[in-house]
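compute the structure for the input listed below.
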Amino acid sequence: MQGAHAEERAFEAEAADLENWWKSDRFKFTKRPYSSKEVVALRGTVTQPPMANITGKKLYGLCRERFNQRKYTHTFGALDPVQVVQMAKYLECVYVSGWQCSSTASTSNEPGPDFADYPANTVPNKVDQLFKAQMFHDKRQRFERAQMTTEEKAKNAPVDYFRPIIADGDTGFGGITSVMKMVKMQVDAGAGGIHIEDQKPGAKKCGHMGGKVLVPVREHCDRMAAARLQCDIMGVETVLIARTDADSATFLDSNIDPRDHPFIGGCTNPNIGSLEDSDNQDKWLAAAGICRYSVAVADAMKKAGKANLVDKWMADSMPLSNSGARELAASLGFGNVFWDWHSPRSREGYYRVIGGIDYSIARAIAFSDCSDLIWMETATPSVEDVRVFSAGVHALKPHQMLAYNLSPSFNWDAAGMDDNAIQQFQHRLGELGFAWHFITLCGFHTNALAIDAVAKAYAGPKGVLAYVQMVQREERRLGVETLTHQKWSGAEMCDNWLAVATGGGASTASLHGATEGQFKAKL
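This next block holds a predicted model:
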């Protein structure tokens, strides 16, 4: 009995500690649909937060500080350990893109487009590689600084290699348990932040592709709550980012959630039957007059000479379920407006949605309780669009930090901005509460650009001179550490391992007589 009582006291104490943690400023804006005792019951008897908790805390503090200042932190997608280490000198965090991993780093080694059909451990595997590189170079730097004099240390500030890694969680790769397993893999691998989008697994597309299928609002809220639950079980302060593709999505998996109803498209032509029975899909869609129910009723009001009712109708009907909107329309004398949301459904059974910023706002507000940041995927870099989104979200959730994808899918030179406007774009975003910005595939594009240029020159008449001119001399001129790549890789530190382990008796040090010594006179 005494052992049982001790077990119960330990359980109650752990639950109380968890409650106190939840009351900290870190979780001031977080709401959970579960209790501390339910979380503790899902833990093992021995728990130790992963190292990524250090960077998770760092990332949240960084984003919250910038949000309060109406400034921002920014980064781009890192392709490999070289990039993540070089980025650490200049950028405060690191991004790992699912698109990039799908095309260059799938654990199946089979490249492909961003359909999230790669194995679920693909992005965590890349995170693990990058995080281990951060840890290794942090050790290498400490070893090298231990050899410096006090004056040398004062002149050469250390690099913070533990830049928080924000990882792409795609759709979570399935249901609640899949989301939780994905989050655990990401955190164990070293992710300080994770984003999850509101698309349907199995139908997911890159946010800049067509044919996107949303899940109901309720389902994505459950995903984000599951992600938070997994973090609570692990005792980590991982930053959770909810992404919505509602601005440009085409379909909705189910109409089960009334919060989606105002944005579903319906047929307004009673004479054409259903899309499923049509021989020509494009012709049927052109004739169907698909629109939101609110728009169908508003059009009827205008035709009936009741345009004065439209503004109030739109304001009052949009927050309602479809049945509630129909009741309101009937009370105004427009209960017989034909509008059918079933007939335009796709062959897979998906409902059609009329996306937009208002739909993104509605979803962002719903996702806010369990999410630290909200990301609205956009089709173009528009200051006006982000202003509208920010105003709509902050009207109800003034604390909500926002994120923005400075996508390489945008044609920035066709966005209606000159160079000065492009340069000021992020400052405008920061002023609107977008605390974290990222170029998803900068590492990918930079890698391709650099290798294309060097390969072309090397294949030409210059041969190795092209490498000397374009790479080696530029590394020397700019002071890029990879010039002495043996030292960069940690060979000097590993030589020291040999010396320390053998009490100074090792005779096989790798840098003794190494050709890299040729660079010392040139540096």
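
CA only for contacts and neighbour counts going forward, please
Will do.

how about the host helix or strand of Val39: buried residues?
Per DSSP states H and E, Val39 falls inside helix 36-40. Residues of helix 36-40 classed as buried under the neighbour-count rule (16 or more other C-alpha atoms under 10 Å) are Ser36, Lys37, Val39, Val40.

from Gln486, how far out is the second one?
In this case it means Lys37. Using C-alpha to C-alpha, to the nearest Å, Lys37 is found at 52 Å from Gln486.

next: Lys31.
From Lys31 over to Gln486 (counting by C-alpha to C-alpha), the distance is 50 Å.

swap in Asn121?
For Asn121 relative to Gln486 (C-alpha to C-alpha), the value is 31 Å.

Asp260 and Glu219 touch, don't they?
No. If you go by C-alpha atoms under 8 Å, Asp260 and Glu219 don't touch, sitting 11.4 Å apart.

can you pick out the residue with more neighbours from these two?
Asp260 (24 against 18; other C-alpha atoms under 10 Å).

tell me the contacts of the more buried one?
Asp260 makes contacts with Pro216, Val217, Ser321, as judged by C-alpha atoms under 8 Å, 6 or more residues apart in numbering.

neighbour-wise, which of those leads?
Top of those by neighbour count (other C-alpha under 10 Å): Val217, with 24 neighbours.

roughly how far does that one sit from Ser178?
18 Å.

neighbours around Leu240, how many?
27.

which residues does it bridge with?
Ile194 (DSSP bridges).

swap in the one 4 residues further on?
Per DSSP bridges, the residues bridged to Thr244 are Met376.

before we move on, the earlier item: now the contacts of Asp260 in JSON lines, with pLDDT and distance to Gly505?
Shown next, in JSON lines, are the contacts of Asp260 (pLDDT from 0 to 100; distance: C-alpha to C-alpha, whole Å):
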{"residue": "Pro216", "pLDDT": "98", "distance to Gly505": "67"}
{"residue": "Val217", "pLDDT": "98", "distance to Gly505": "66"}
{"residue": "Ser321", "pLDDT": "98", "distance to Gly505": "79"}
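
wait, which of those residues is closest to Asp418?
Val217 (37.7 Å; C-alpha to C-alpha).

which ones are touching the closest one?
So Val217 contacts Asp198, Asp257, Arg259, Asp260, Arg363, Ala366 (C-alpha under 8 Å, 6+ apart).

repeat that for Trp22.
Lys28.

distance of it from Val39?
12 Å.

list the buried residues in the helix or strand where Ala133 lies.
Using DSSP H and E, Ala133 sits within helix 122-146. Of all the residues in helix 122-146, those buried under the rule 16+ other C-alpha under 10 Å are 122-131, 133-134, 136-138, 140-141, 145.

quick one: the helices in the stretch 301-450 of the chain, in order.
310-317, 322-331, 357-367, 383-396, 419-431, 442-459 (DSSP state H, counting those that start in this stretch).

looking at these, which is closest to Asp114?
helix 442-459 (13.8 Å).

list the contacts of the next helix or strand along the chain from that closest one.
Where DSSP H and E defines the elements, the next helix or strand beyond helix 442-459 is helix 464-467. The contact list for helix 464-467 (C-alpha under 8 Å, 6+ apart) reads Val454, Ala457, Tyr458.

residue boundaries of the helices in the stretch 1-150 of the chain?
Under DSSP H, counting those that start in this stretch, the stretch 1-150 of the chain gives helices at 2-22, 36-40, 52-69, 81-87, 98-104, 122-146, 150-155.

so for Thr238, which of the ones you listed sits nearest?
Comparing those by C-alpha to C-alpha, helix 52-69 comes nearest, at 4.5 Å.

which helices and strands does the closest one pack with?
Contacting helix 52-69 under the criterion 3 or more C-alpha pairs under 8 Å, 6 or more residues apart in numbering; DSSP states H and E are the following elements: strand 73-76, helix 176-189, strand 191-197, strand 239-244, strand 401-405, strand 434-439.

out of the ones you listed, flag the one nearest Met51.
Across the helices and strands packed on helix 52-69, closest to Met51 is helix 176-189 (C-alpha to C-alpha), at 7.9 Å.

angle of that closest one against strand 239-244?
Here helix 176-189 runs at an angle of 130 degrees relative to strand 239-244 (axes from the mean of the first three to the mean of the last three C-alpha atoms, to 10 degrees).

what angle separates helix 176-189 from strand 191-197?
Using the same axes, to 10 degrees, helix 176-189 lies at 150 degrees relative to strand 191-197.

what sits up against helix 176-189?
Taking C-alpha under 8 Å, 6+ apart as the rule, helix 176-189 contacts 50-53, 120-121, 123-125, 127-128, 131, 167, 169, 172-173, 194, 222-223, 226-227, 229-231, 238.

swap in 6 Å and give it another go.
Pro124, Val127, Asp128, Gly172, Ala227, Gln230 (C-alpha atoms under 6 Å, 6 or more residues apart in numbering).

do you know how far Val353 is from Val386?
Distance from Val353 to Val386, by C-alpha to C-alpha: 21 Å.

so which of the two has more stuff around it?
Using other C-alpha under 10 Å as the criterion, Val353 and Val386 rank with Val353 on top: 29 against 21.

beta partners of that one?
Ile264.

what pLDDT does it get?
Note on Val353: pLDDT of 97.

next, the contact list for the residue most central in space within the chain, please.
Among the residues of the chain, His195 comes closest to the average C-alpha position under C-alpha atoms, centre = their mean, at 3.7 Å. Contacts of His195 were listed using C-alpha under 6 Å, 6+ apart, and they are Asp168, Gly169, Leu240, Ile241, Ala242.
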